[in-house]
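1. Sequence and predicted structure are below.
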Amino acid sequence: MNIRVENVRQVWESRDGSQVVALDGFTHTFKSGRFSCILGPSGCGKSTMAQIVGGIETATSGTVTLEGTDSGKKGSSSVMVWQSQNLFPWRSVLDNVAFGPEMAGMSRRERTERARDLINLVGLKGFERHFPTQLSGGMRQRVALARALIMDRPILLMDEPFGALDAQTKIVMQEELMRIFDATRKTVIFVTHSIDEAILLGDEVIVMTARPGRIKEVIEVDLPRPRSIEMVSTPAFGALFDRAFHLIRDEVTKAMQEQNAKAGALS
């Protein structure tokens, strides 16, 4: 399912009545079955763009069209994985994963069977009856991923899902996600601050400017799949990293200067 975004602009109203332009003229087609990473400095509208695609936020202007569906039903075609897992602490792993189908009225037998399949897919077989407090951070993120996948929607939106994990767990989760993507080939939009992560996971890296967020450049990642973490040390990966780094360095500097200027004005 292609996602066509045309001239999207998002303006927020501040408490003092002033306006903050988060996104300005964002235009891009996210192609079906591809893994697209949105990379940019803090405050450039990356997460806002993902939420607009998912129907969680409404753009001030511009359009988002999901080819083959009614554009007014974006939320029914996508599911979001957040950085905070938002698991129910009183529900087991199995019941957390099965929550969406349960709310949709699916029978207990069917939703339990599907939940077990997804728990196996994310490598948590044997932990079905554990509760979130009994799991590590990486395991909880696997539960959140399974809970999203069980909805079986064509678009998977991921807003810095591994941002709170330690470095070792993050690597494991990146490898797990690459394996799951190869198995499901969903259309993925993945928001990240990490250049390494964007190149390792993505078929394309959309580099954004500092606020207001615009597309600075789209980098095609032609690394073969299936991928592994070992690719990080290859010359091809290094060349892509260097290109992305030089594109984004100035934007991060701009964002920091803007933040410092605001802090100085308030002091």
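-> Arrived safely, thanks for sending.
2. Strands of the stretch 101-250 of the chain, residue ranges please.
-> Ranges of strands within the stretch 101-250 of the chain are 155-159, 187-192, 204-208, 215-220, based on DSSP state E, counting those that start in this stretch.
3. Quick one, which of the ones you listed gets closest to residue 179.
-> The closest of the strands of the stretch 101-250 of the chain to residue 179 is strand 187-192. By C-beta to C-beta, the value is 13.2 Å. (Each C-beta comes from the backbone N, C-alpha and C, glycine too.)
4. And that closest one, what's buried?
-> By neighbour count on 16 or more other C-beta atoms under 10 Å, the buried set for strand 187-192 is 187, 188, 189, 190, 191, 192.
5. CA atoms only for that strand, dumped as CSV, please.
-> The C-alpha coordinates for strand 187-192 follow below in CSV (Å, rounded to 0.1, in the frame of the first residue of the first chain):
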residue,chain,number,x,y,z
THR,A,187,5.1,-0.9,4.7
VAL,A,188,7.2,0.6,7.6
ILE,A,189,7.8,4.2,8.6
PHE,A,190,10.4,4.3,11.3
VAL,A,191,11.3,7.5,13.1
THR,A,192,14.8,7.7,14.5
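6. So which bits of stretch 216-233 are buried?
-> In stretch 216-233, counting by 16+ other C-beta under 10 Å, buried: 216, 219, 221, 227.
7. whoops, I mixed them up, stretch 87-104
-> Buried residues in stretch 87-104 (16+ other C-beta under 10 Å): 87, 91-102.
8. What's the end-to-end length of that stretch?
-> Stretch 87-104 has an end-to-end distance of 18 Å (C-alpha to C-alpha, to the nearest Å).
9. Residues contacting that stretch, please?
-> 108, 110-112, 114-116, 118-119, 124, 127-133, 135, 140, 143-144, 146-147, 150-151 (C-beta atoms under 8 Å, 6 or more residues apart in numbering).
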